[in-house]
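# based on what follows, work out the 3D shape:
(chains A and B)
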2 protein chains.
Amino acid sequence: MSVKNEAVFAELYPFWNALTPSQQLEMMEGTTLRSFEPGDHVHNAGQCTGVLGILFGRLRVYLLSDTGKEVTLFRLMDGDTCMLSASCIIKNISFDIYVSAETKTELLLISSAVYDKIANENPKAESFMKDIISMRFSEAMWIVEQLLFMKLDRRVSIFLLEQSALDESDIITLTHEQIANHLGTAREVISRMLKYMSKEGLLSVSRKGITILDRKALMALAN
Amino acid sequence: MSVKNEAVFAELYPFWNALTPSQQLEMMEGTTLRSFEPGDHVHNAGQCTGVLGILFGRLRVYLLSDTGKEVTLFRLMDGDTCMLSASCIIKNISFDIYVSAETKTELLLISSAVYDKIANENPKAESFMKDIISMRFSEAMWIVEQLLFMKLDRRVSIFLLEQSALDESDIITLTHEQIANHLGTAREVISRMLKYMSKEGLLSVSRKGITILDRKALMALAN
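Modelled structure (predicted):
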């Protein structure tokens, strides 16, 4: 596995050079290269999959209720690290997340036990893990504030602009159901909102997807 | 200030005995004893008030929108520590919370700069701070799951039972407006739900407050 070289680890993990050679070896041996196709499940609630270091691609981290309702907490992209998929080694974390691939994704999966051992031996590895947790806390609270305090037109506008930036395209090929699952609402609600926005000339809805027509107006709605 | 003795610090901060005598002195000198009455503001968004160690009382930590909408994230009680009121010293935390007193409260306020210095010098102090952050993340996500996935009758039941346990009383003296602010909804919605619950014989609503009549049925609704 050619990507499992030191430079890749040093790029993903800022504490890499603070590890001893034997810790570096241990970490490399505790790591596997994994590939996922769009839609693949990467991590399910209740598992302790391990620490994910994204080489390239895009993962979606979300909550899922008993009744199948979803909401996206954040996305992970090239160079990002996911610690919540190793929540068994993080003190005080007791909620469950799901992770799935949105695009073709390759990542380095470090075994939870190996990361835990290294974090216990090296304060910088521990600190890095916990700083990532704080970042995710902050990102999740941004979603909470949207859910609680923002009107749906604004949330949909923000989501469409973000998605357009991620896909580097004016056309968003997600279904109304998928958008609803990102935003924690129902398909009908999204369809109604998109219909309203298309009547206002902000976008057009067709079989090939949602096309942003008036980006300026959409940005005004988002802010 | 008699409570500013070493035993109190050792009780609040598990890393106390790992500090050097000069660090302990620095931390004590960087701490002030503060008293609050019910309703007092303890911390507002945008401030970096410092680290709070609750001696006794009860604080409410909540989000507040531009339009005045609120939602309670968690409560802090005797022996609890609040780090989010010192978010300027926590890497990656960029959201704002508010803290107010719900009962007469006394706490030790450690200056952000002093805690930051000690956390930089002592990995255990840093680790404690970040473990508290993880705990609050977990608590906040429990609220998110309630907001997203639970019906309001269940959320109101859970809230009333928790409040009854906190106050050690069958009578909850909060106004409908206050309950709405805890749960991130509108007063009218809470009034309607309480009316329904009182018609079902779960509770009674009078000028002195909400009295739980059928605790068993309320617990069934909460689970």
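# quick one: contacts for the residue most central in space within chain A?
For chain A, the residue sitting closest to the mean C-alpha position, by CA atoms, centre = their mean, is residue A:75 at 2.1 Å. Going by CB atoms under 8 Å, 6 or more residues apart in numbering or on different chains, residue A:75 touches A:58-61, A:102, A:166. Bear in mind the C-beta positions are built from the backbone N, C-alpha and C, glycine included.
# go on, residue A:35?
Contacts of residue A:35 (CB under 8 Å, 6+ apart): A:104-106.
# follow-up on the earlier one: which of the contacts of residue A:75 count as buried?
For those, a burial check counting by 16 or more other CB atoms under 10 Å in any protein chain shown picks out A:58-61, A:102.
# helices or strands up against the biggest helix by length in chain A?
As assigned by DSSP state H, the longest helix anywhere in chain A is helix A:123-149. Other helices and strands packing on helix A:123-149, by 3 or more CB pairs under 8 Å, 6 or more residues apart in numbering or on different chains; DSSP states H and E, are strand A:70-77, helix A:112-121, helix A:152-167, strand B:58-64, helix B:123-149.
# so which residues on chain A come close to chain B?
A:63, A:65-67, A:69, A:71, A:90-95, A:123, A:126-127, A:130-138, A:140-145, A:147-149, A:184 (CB under 8 Å from any CB of the partner chain).
# pick out the most distant pair among the contacts of residue A:75.
A:61 and A:166 (14.2 Å; CB to CB).
# so which of the buried ones among the contacts of residue A:75 comes closest to residue A:19?
residue A:59 (25.5 Å).
# tally of neighbours for the nearest residue to that closest one once chain neighbours are set aside?
Excluding the flanking residues, the one nearest residue A:59 by CB to CB, 6 or more residues apart in numbering or on different chains is residue A:76, at 4.3 Å. Residues near residue A:76, counting by other CB atoms under 10 Å in any protein chain shown, number 24.
# what of residue A:95?
Neighbour count for residue A:95, taken as other CB under 10 Å: 17.
# do the same with the one 10 residues further on
Counted with other CB under 10 Å, the neighbours of residue A:105 add up to 24.
# so how far is chain B from it?
Residue A:105 sits 23 Å away from chain B when distances are taken as CB to the nearest CB, to the nearest Å.
# test my guess that that residue contacts residue A:53.
No: counting by CB atoms under 8 Å, residue A:105 does not reach residue A:53; the two are 11.3 Å apart.
# out of the buried ones among the contacts of residue A:75, the closest to residue B:112 would be?
Nearest to residue B:112, judged by CB to CB, of the buried ones among the contacts of residue A:75 is residue A:61 at 30.3 Å.
# secondary structure, distance to residue A:217 and pLDDT for the contacts of residue A:35 - can I get that in JSON lines?
Output for these, formatted as JSON lines (DSSP: H, G, I helix; E, B strand; the rest coil; distance: CB to CB, whole Å; pLDDT from 0 to 100):
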{"residue": "A:104", "secondary structure": "coil", "distance to residue A:217": "33", "pLDDT": "97"}
{"residue": "A:105", "secondary structure": "strand", "distance to residue A:217": "33", "pLDDT": "98"}
{"residue": "A:106", "secondary structure": "strand", "distance to residue A:217": "38", "pLDDT": "97"}
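# separation between residue A:43 and residue A:83?
Per CB to CB, to the nearest Å, residue A:43 is found 11 Å from residue A:83.
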